[in-house]
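Student: coordinates for the following, if possible.
(2 chains)
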Amino acid sequence: MNAIVPWIDARRAEAAERFRTLGLPHRRIENWKYTDLKSALSGANDSEPGAIVWSIASVPSGIELFDLADPENAPDWVKAHLGKAAMAEAMPAASLALARTGFALRIPKGASAAEIVRVGFSGTGHGRALIVLEEGASLTLVESRVAERGFSNIGTEIVIGANAHLTHIRSADAAPDAIQVEDVAIRVARDASYRAHLVNGGASLSRLNLRMTLKEPGANAKLSGVSVLGGKLHADVTTEIYHASRETQSTQLFKHVAGGQSHVVYQGKIIVAEGADKSDSRQTAKALLLGERAEADLKPELEIFADDVKCAHGAAVGDLDADSLFYLRARGIPEVEARNMLIRAFLEEAVAEIADDGIREAVWASVESALPGAMAS
Amino acid sequence: MLEIKNLHVAVGGKEILKGLTLSIAAGKVHAIMGPNGSGKSTLSYVLAGRAGYEITQGSIRYNGEDLNTLAPEERAAKGVFLAMQYPVEIPGVTTLNFLKTALNAQHRARGEKELDAMSVLKFVRKKAAALKISEDMLKRALNVGFSGGEKKRLEILQMALFEPKLAILDETDSGLDIDAMKVVADGVNALRAPDRAMLVITHYQRLLNFIVPDRIHVLAGGRIVAEGGKELAHELEAKGYEHIAGKAA
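Tutor: Just a heads-up that it's a prediction; the model follows:
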């Protein structure tokens, strides 16, 4: 079954070596302090490794889809990019070394996908994805993750060419019996943009790792996300944005709601390289704690090596505002409904970032279905 | 309609109201005047049912019912309305959506028919015009970026929409210039009705030039220390609270 395919075999061997060196992340590694993958996996009882299954409902014309299960017939654009951003960290190295399933999408130069491309991931084990937007191309990608038991590790690489624009919506349903790791590595070229909306329903352990390089002037990124957690769910969104060039912009807005004994994590690191002047970066992360045993860890971080930059960051953890709650109740709105209204109001700003009406409604629907769990003590 | 007897209220273990007695009949407008720290806001909050205001002694009866057993939303549905001194700003909730939600929550609690979005809009527009509340204000997030006058006008708009039986106006004049105060006062006066009682709480006499009360009570040190007709306001203005409170003590 596994024929010898030199190009991929060499990359997998290198990735396997890299993973052996780095090892499974655990809480004594700074970046994984709030998400102890190693101990979660040692406690999990996974007898079957399984395989990640992906599906794409329909591919608009002009877009090329390639199945990574067949590396022997990989076109040049796949060979050019696959795994190039996987070696920096342990988990994408592991998915590159071990995944035998996955897909690659290419939006050719100047092409604009007329319809939204919907990708679903299910199953356990390792998977890979590669998305390449050539110069001037545009795409809206909706990625969803089905709640299942067991461990999964997906590594995605996104390459956005000059003047190309990608909108990436990622939503994961609450998966109380799953350990989910996903690494997304993004490169953004001159005057290109990456917009992402990350809806994280949480899992027994959930880590979404987003690493981005804004590599040329005009490259820009706008990230927003919401998590609504209850029970013992955990959701960690960790971003690292590298402003490699002058005149690059990034903004981030994350809103999290944690009830019950859930645990929400946001870590956002911004690095502005030497010479990346006139760069502008903003990040805001806020968490609303609904339960006394819920936990939120928000960690914005800045490393600035350039002189002439604008960087702003803020993080705040709070509970529902007592004055607001009383105001609404005094106007006749019952307590549960008033709380619900205030939670929605808290999330509104982040959800409003989604331009597409249908997608935004779908996000509200998933928030709505997660709210009772988060509001239960 | 409202009967408060020997009311003692503690906030965080500290007694603020110390034996307040007051009753208001339907159709009447009473004013409570008092210096800072006399317990005016405590009285308004305890009437509206805010958590943390503990009745340690005495009673509040509203149409014969013990008000203390009701949640804030139940009081609202039964016709108690508090126009607040500091209306809260809630980003993420549009004013119109808030009004619709509140109106329908009260309707639902009373077993009345809920209004659809269009009926609410028509109803709100009709009442808003008289208070110089623009369509734009209704579309904005609740109280966010509103001036002091706009916030107070929105409180009075709610009073007009909810048609309460007992309206409590807590320092509705604070932060308003004379023109804004006139708009608010006109709005309040338009709502005077035989089946509606009002309690106007204020530090200054000037609001009472515009909303002329049937009776004035002076609150000091958590108790009513003086009572009288509308002329009492002018006496207070001329001689100050200390004089009146001192005379009573």
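Student: what ranges in the chain fall below the confidence cut-off?
Tutor: Since you didn't name a chain, this refers to chain A. A:1-2, A:44-49 (pLDDT under 70).
Student: not quite, go with chain B.
Tutor: For chain B, the stretches with pLDDT under 70 are B:245-249.
Student: the most centrally placed residue in chain A and residue B:225, how far apart?
Tutor: The centroid of chain A falls nearest to residue A:208 when counting by CA atoms, centre = their mean (4.6 Å). Applying CB to CB, to the nearest Å, the value for residue A:208 to residue B:225 is 64 Å. Where C-beta positions appear, they are placed from N, C-alpha and C, glycine not excepted.
Student: got a list of what whichever residue of chain B sits closest to chain A touches?
Tutor: When scored by CB to the nearest CB, chain B has residue B:92 as its residue closest to chain A, at 3.1 Å. Residue B:92 sits next to A:344-349, B:141 when contact means CB atoms under 8 Å, 6 or more residues apart in numbering or on different chains.
Student: in helices only, show me the residues you listed.
Tutor: Mapping those onto helices (DSSP state H) picks out A:344-349.
Student: picking up where we left off before, nearest to residue A:72, out of the contacts of residue B:92: which one, please.
Tutor: residue A:347 (46.3 Å; CB to CB).
Student: buried set for stretch B:93-111?
Tutor: Of the residues in stretch B:93-111, B:93-106, B:109 count as buried by neighbour count, 16 or more other CB atoms under 10 Å in any protein chain shown.
Student: mind listing the helices for chain B?
Tutor: According to DSSP H, the helices that chain B contains are B:40-48, B:72-77, B:95-109, B:117-130, B:135-139, B:148-162, B:178-190, B:207-210, B:232-239, B:241-248.
Student: the fourth one and chain A, are they touching?
Tutor: Right, helix B:117-130. No. If you take CB under 8 Å from any CB of the partner chain as the test, helix B:117-130 misses chain A, and the best it gets is 13.8 Å.
Student: may I see the buried residues of that helix?
Tutor: For helix B:117-130, a neighbour-count test (16+ other CB under 10 Å) marks B:120-121, B:123-124, B:127-128 as buried.
Student: all strands of the stretch 201-350 of chain A, in order?
Tutor: Taking DSSP state E, counting those that start in this stretch as the test, the strands found in the stretch 201-350 of chain A are A:203-214, A:220-229, A:234-243, A:249-258, A:263-272, A:279-289, A:295-304, A:309-318.
Student: quick one, what contacts the residue nearest to the centre of chain A?
Tutor: Counted by CB under 8 Å, 6+ apart, residue A:208 has contacts A:170, A:172, A:182, A:184, A:198, A:200, A:235-238.
Student: 10 Å - rerun?
Tutor: Residue A:208 is in contact with A:145, A:154, A:170, A:172, A:180-184, A:198, A:200, A:225, A:227, A:235-239, A:265, counting by CB atoms under 10 Å, 6 or more residues apart in numbering or on different chains.
Student: list buried residues within those.
Tutor: Buried among those by 16+ other CB under 10 Å: A:145, A:154, A:170, A:172, A:180-184, A:198, A:200, A:225, A:227, A:235-239, A:265.
Student: work out the gap between the longest strand along chain A and the centre of the chain.
Tutor: Ordering each strand of chain A by length in residues (DSSP state E) puts strand A:175-188 first. Relative to its chain's centre, strand A:175-188 lies at 6 Å (CA atoms, centre = their mean, to the nearest Å).
Student: so it versus strand A:234-243, what angle?
Tutor: Strand A:175-188 runs at 0 degrees relative to strand A:234-243, counting by axes from the mean of the first three to the mean of the last three CA atoms, to 10 degrees.
Student: and the helix or strand just after strand A:175-188, how far out from the chain middle?
Tutor: Using DSSP states H and E, the helix or strand that follows strand A:175-188 in sequence is strand A:193-200. Centre-to-centre, strand A:193-200 and its host chain are 7 Å apart (CA atoms, centre = their mean).
Student: contacting residues for residue B:180?
Tutor: For residue B:180, the contacting residues are B:132, B:147-150, B:152-153, B:173, by CB under 10 Å, 6+ apart.
Student: closest to residue B:34 among the contacts of residue B:92?
Tutor: Among the contacts of residue B:92, and counting by CB to CB, the member closest to residue B:34 is residue B:141, at 33.6 Å.
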